[in-house]
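*Asks:* only geometry, no sequence info:
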Ligand code: FAD
């Protein structure tokens, strides 16, 4: 089922993100966790993709399993950074064979090694190149792209970031999913600006429930997200108690989601990170709001 159909239904829904195993030995435990999340019947589930390609096979296996065994539509991520045309075309063929209908087309992060390498010969420099390749493949994929309410860390300014975002959408993105953010006003400002720039596709806000203080530093470093004082106080007060931090982090994320729904958003994507208990708790907190 295409995500555009789901997003067009105008119901208040959640979707969840999971990541594939990095090794054969962890495959079963990851599959079990993703199946537990699938049993919550979210609107859809996305399955991430390792930038180095190490987990690409598992991305498809996990996505296929969720759809075939639980009937939950899936969104398979695909990155292109430093890949050859042959490799990317093979991945696209694998996706078609696996019956994947929805693809999140990403560039992938530039590792320090990639940043220092000679990029002149790269076929895919940006996500837009992958979006064009997916469109040219002839497969009828529903394609999504990433967007950044607080601008991408490599961008010089928001106007430039939004110009390139428009290029991605014009190349064939049917929806966008945002980077995590902890202050909803950042999203509302961003939506205003992109609508003004002529980007009209659905935007799915991505919310990360911070349930573990030690994960916070890494998450902030990778995303560059702004931490509002209200959130900092919560981490200062509860960060040293894992159970309290988990409860407070879930409550904060729930609060953000309720505010998003109240302000016209219909689907929120939760970065639930293979944690069925976190996904289930957020869903339970919203049981009378969803649907
Ligand atoms: P791009 O759209 O290519 O943008 C990257 C930078 O280049 C931006 O600064 C942009 O303004 C600029 N730019 C874009 N087009 C052009 C152009 N034509 N010319 C010049 N500059 C341009 N990473 C993974 O490895 N696996 C995943 O599964 C994954 N999932 C993600 C899901 C979401 C919702 C998000 C927000 C991120 C995800 N990432 C994932 C991380 C992502 O790969 C990084 O944020 C990466 O640095 C940028 O990817 P992008 O697709 O946004 O790149």
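*Replies:* Received the coordinates, thanks. Model, not experiment: these values are computed from the prediction.
*Asks:* So for stretch 261-268, what gets flagged as buried?
*Replies:* Judged by neighbour count (16 or more other C-beta atoms under 10 Å), stretch 261-268 contains these buried residues: 261, 265, 266, 267, 268. All C-beta atoms are positioned from the backbone trio N, CA, C, and that covers glycine.
*Asks:* repeat for stretch 159-173
*Replies:* 161, 162, 165, 168, 169, 171, 172, 173.
*Asks:* what ranges do the helices span in the stretch 101-250 of the chain?
*Replies:* Ranges of helices in the stretch 101-250 of the chain, per DSSP state H, counting those that start in this stretch, are 112-116, 127-136, 158-172, 184-196, 213-223, 229-238, 242-262.
*Asks:* which helices and strands does the fifth one pack with?
*Replies:* Identification of packing neighbours for helix 213-223 by 3 or more C-beta pairs under 8 Å, 6 or more residues apart in numbering; DSSP states H and E yields helix 229-238.
*Asks:* Tell me what angle the helix it packs on forms with helix 242-262.
*Replies:* Orientation check (axes from the mean of the first three to the mean of the last three C-alpha atoms, to 10 degrees): helix 229-238 against helix 242-262 gives 160 degrees.
*Asks:* So what touches helix 229-238?
*Replies:* Residues outside helix 229-238 that contact it (C-beta atoms under 8 Å, 6 or more residues apart in numbering): 182, 210, 213, 216, 227, 244, 245, 247, 248, 249, 252.
*Asks:* buried subset of those?
*Replies:* 182, 210, 213, 216, 245, 248, 249, 252.
*Asks:* May I see those organised as TSV, with distance to the ligand added?
*Replies:* TSV is the format used below for those (distance: C-beta to the nearest ligand atom, whole Å):
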residue	distance to the ligand
182	15
210	17
213	23
216	18
245	24
248	24
249	19
252	20
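*Asks:* Lowest-confidence member of those residues, which is it?
*Replies:* Within the buried ones among the contacts of helix 229-238, residue 216 has the lowest pLDDT, namely 81.
*Asks:* dump the residue contacts of that one.
*Replies:* Taking C-beta under 8 Å, 6+ apart, we find residue 216 in contact with 210, 235, 239.
*Asks:* From residue 220, how far off is the first one?
*Replies:* Read that as residue 210. 9 Å (C-beta to C-beta, to the nearest Å).
*Asks:* Give me the distance from the helix or strand of the chain with the lowest mean pLDDT to the chain's centre.
*Replies:* Sorting the helices and strands of the chain by mean pLDDT, DSSP states H and E puts helix 213-223 at the bottom, at a mean of 80. Helix 213-223 sits 16 Å away from the centroid of its parent chain (C-alpha atoms, centre = their mean, to the nearest Å).
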